[in-house]
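In: What follows is a predicted structure for the sequence shown.
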Amino acid sequence: MTPYLFVFGTLRDPILLALVSGMDNLHEAARPATAAGWCVEKVRDQVFPAIRTDQDGVAHGLLLSDVPAQAMARLNFFETAFGYSLQMADVDVETTCVQAEIYVPDRADAQTDGPWDFALWQRLGRAQFLEVASEIMSVYTHQTQDNLPVNVAAIAVRAHARLRAKIQPYQTGMRHSFTSSDVEVKSLTQPYSKFFAVQEFALTHPKFDGTRSDILRREVFASGDAVSVLPYDPRLDKVVLIEQFRVGAFARGDRKPWLLEAVAGRIEVGQTPEEAALREAEEEAGLTISRLEKISEYYTTPGAYNEYIYSYIGCVDLSGFERDFHGLASEYEDIATHLVAVDDLISMMTTGQINNSPLVISALWLALNRDRLQKDWTGA
């Protein structure tokens with residue numbers, strides 16, 4: 001057992017501590033404590049803190065005593081995923097000073113945004129972080145060479161999508177009243193977890209005849225939510241398409257795996273779909289969108305793939321457009337842009353030049369709405 005462990009950030013939350021440690025009662029014996037000479041600050045663009053030395057600072061947290069080895073192994077796995085490791089520090093608890101272990105960032109150059117506010121995190125960041133922690137600990141439970149090391153950034157994007165789905169309103173309409181709460185998950189494993197993940201479910205669900213299904217075993221290719229945006233100039237009546245190599249088409253055996261597409265990309269943590277659409281237009285096509293109109297939101301292949309796409313038309317001035325090459329080198333993107341008249345765009349669907357769902361959906365929508373957009377967006 002570890003004699004003393006001082007937790008100063010998200011692990012102060014009893015639900016998170018129980019999830020990570022695997023012990024429901026660990027928080028009950030915790031005592032409020034402080035560590036003089038340290039300060040706790042929010043990590044920039046993240047929903048967790050870092051601790052650093054500060055001669056005038058005082059870090060507030062909880063002191064855990066005699067943490068079992070199995071719980072410590074889980075806690076170490078979780079903290080290591082974020083780049084933290086154990087270090088000794090003096091901790092004041094009640095009227096006593098003890099030597100305790102604390103999790104300190106391995107790198108001292110973390111960018112921070114002022115003091116960490118635990119109460120604010122519980123209100124605004126806790127739900128998202130619990131989703132992240134849940135997937136990290138599922139990797140711990142089923143560690144393989146295919147899901148290690150933990151890719152926290154990719155997990156955070158998937159967690160962000162799951163949280164968005166949980167709070168997203170839905171309409172039953174003609175659909176049955178079944179909801180996700182009617183599905184019973186017998187087991188869930190994640191044998192592969194990198195930029196994307198593969199999840200294996202064993203589950204049962206209610207059937208339309210009032211009975212319940214046998215246990216179904218299903219694999220899901222897991223991603224985060226994504227956006228697409230078709231840049232459209234209503235004055236020129238032209239759009240910009242991008243072209244890039246697509247490994248999915250190549251894996252299928254397509255002899256032409258360079259596809260014409262709408263601008264598209266993942267919704268990063270903390271971004272709205274609209275913000276992601278504007279960012280992707282700049283990164284992939286060098287374009288500044290002045291106005292967005294939503295087309296639809298939808299699953300691409302819900303029988304095996306959890307990706308959910310938000311599609312938009314973006315108003316853009318293409319009067320000075322020049323064909324160019326774009327993309328982020330950090331993501332190995334190699335993207336060419338094309339200027340296409342809308343009439344040609346429609347005919348390209350019939351010839352097979354356009355063969356991916358976000359662009360097909362966007363082109364058909366534009367064909368139905370181009371007259372209105374030209375009027376609304378130009379004032380003509």
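Out: All right, it came through fine.
In: Poorly predicted segments of this structure, please.
Out: Along the chain, segments meeting pLDDT under 70 span 1-2, 380.
In: got the CA coordinates for the lengthiest strand in it in CSV?
Out: Ranked by residue count under DSSP state E, the longest strand found in the chain is strand 49-67. Extracted in CSV, the C-alpha atoms of strand 49-67 (Å, rounded to 0.1, in the frame of the first residue of the first chain):
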residue,chain,number,x,y,z
PRO,A,49,-4.8,21.2,-14.0
ALA,A,50,-1.1,21.0,-13.5
ILE,A,51,0.9,21.6,-10.3
ARG,A,52,4.2,23.4,-10.2
THR,A,53,6.5,24.7,-7.5
ASP,A,54,5.8,28.3,-6.3
GLN,A,55,7.4,29.5,-3.1
ASP,A,56,4.4,31.7,-2.3
GLY,A,57,1.8,29.2,-3.4
VAL,A,58,-0.5,26.8,-1.5
ALA,A,59,-2.1,23.8,-3.3
HIS,A,60,-5.4,22.6,-1.9
GLY,A,61,-6.4,19.0,-2.2
LEU,A,62,-7.1,15.7,-0.4
LEU,A,63,-4.8,13.3,1.4
LEU,A,64,-5.5,9.6,0.8
SER,A,65,-4.0,7.1,3.2
ASP,A,66,-2.9,3.5,2.6
VAL,A,67,-4.1,3.3,-1.0
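In: So what are the sheet partners of it and their directions?
Out: Strand 49-67 has these partner strands in its sheet, going by DSSP bridges: strand 2-7 (antiparallel), strand 31-43 (antiparallel).
In: now the strands for the stretch 51-200 of the chain?
Out: Shown for the stretch 51-200 of the chain, the strands assigned by DSSP state E, counting those that start in this stretch span residues 84-93, 96-105, 112-115, 184-193, 197-204.
In: so what secondary structure elements neighbour the last one?
Out: Contacts of strand 197-204 with other secondary structure elements, assessed using 3 or more C-beta pairs under 8 Å, 6 or more residues apart in numbering; DSSP states H and E, are made with helix 152-167, strand 184-193, strand 216-222. All C-beta atoms are positioned from the backbone trio N, CA, C, and that covers glycine.
In: likewise the second one?
Out: Strand 96-105 makes packing contacts with strand 2-7, strand 31-43, strand 49-67, strand 84-93 when contacts are defined by 3+ C-beta pairs under 8 Å, 6+ apart.
In: Most tightly packed of those?
Out: Of the helices and strands packed on strand 96-105, the one with the most neighbours on average (mean count of other C-beta atoms under 10 Å) is strand 2-7, at a mean of 21.
In: contacts for it?
Out: In this structure, residues lying in contact with strand 2-7 by C-beta atoms under 8 Å, 6 or more residues apart in numbering are 17, 30, 33, 35, 61-67, 69, 72, 75, 89, 91, 98-103.
In: Surely residue 294 is in a helix?
Out: No - per DSSP: H, G, I helix; E, B strand; the rest coil, residue 294 lies outside any helix segment and is strand.
In: tell me which element the closest residue to it other than its chain neighbours is part of?
Out: Leaving aside its chain neighbours, residue 294 sits nearest to residue 312 (5.6 Å; criterion: C-beta to C-beta, 6 or more residues apart in numbering). If you go by DSSP states H and E, residue 312 is part of strand 308-315.
In: May I have the strands that pair with that strand, each with its orientation?
Out: When DSSP bridges is applied, strand 308-315 pairs with strand 226-233 (parallel), strand 291-299 (antiparallel).
In: Residue 277 is in contact with residue 291, isn't it?
Out: No - counting by C-beta atoms under 8 Å, residue 277 sits too far from residue 291 to count as a contact (11.2 Å).
In: any residues in contact with both of these two?
Out: residue 314.
In: Compare those two and say which is more crowded by neighbours.
Out: The neighbour comparison of residue 277 against residue 291 (other C-beta atoms under 10 Å) goes to residue 277, with 28 against 14.
In: Spit out the contact partners of the more buried one.
Out: Contacts of residue 277 (C-beta under 8 Å, 6+ apart): 227-229, 263, 289, 292, 310, 312, 314.
In: Buried ones only from those residues, please, as a ChimeraX command.
Out: Of these, the buried ones go into a single ChimeraX selection, burial set by 16 or more other C-beta atoms under 10 Å:
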select :227,228,229,263,289,292,310,312,314
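In: Bridge partners for residue 232, pull those for me.
Out: Under the criterion used (DSSP bridges), residue 232 bridges to residue 239, residue 315.
In: how far away is it from residue 148?
Out: 44 Å (C-beta to C-beta, to the nearest Å).
In: do the same with residue 101
Out: Distance, residue 101 to residue 148, by C-beta to C-beta: 24 Å.
In: same deal with residue 340?
Out: From residue 340 to residue 148 the distance is 44 Å (C-beta to C-beta).
In: what's the answer for residue 111, then?
Out: Remark: distance between residue 111 and residue 148 (C-beta to C-beta) = 26 Å.
In: same question, residue 77
Out: According to C-beta to C-beta, residue 77 stands 10 Å off from residue 148.
In: neighbour count winner among these two?
Out: Taking other C-beta under 10 Å, residue 77 and residue 148 do not tie; residue 77 has more neighbours (18 against 14).
In: Next, the contact list for the residue most central in space within the chain, please.
Out: Closest residue to the average C-alpha location of the chain: residue 157 at 1.1 Å, with C-alpha atoms, centre = their mean. Contact criterion C-beta under 8 Å, 6+ apart gives 223-224, 266-269 as the residues in contact with residue 157.
In: Report the two of those separated the most.
Out: Greatest spacing in the contacts of residue 157, by C-beta to C-beta: 223 and 269 (13.8 Å).
In: List the buried residues in stretch 166-179.
Out: Across stretch 166-179, burial judged by 16+ other C-beta under 10 Å covers no residue at all.
In: circling back: distance to residue 345 added to the contacts of residue 277, as TSV?
Out: As requested, the contacts of residue 277 are exported to TSV (distance: C-beta to C-beta, whole Å):
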residue	distance to residue 345
227	19
228	14
229	15
263	14
289	18
292	19
310	21
312	16
314	15
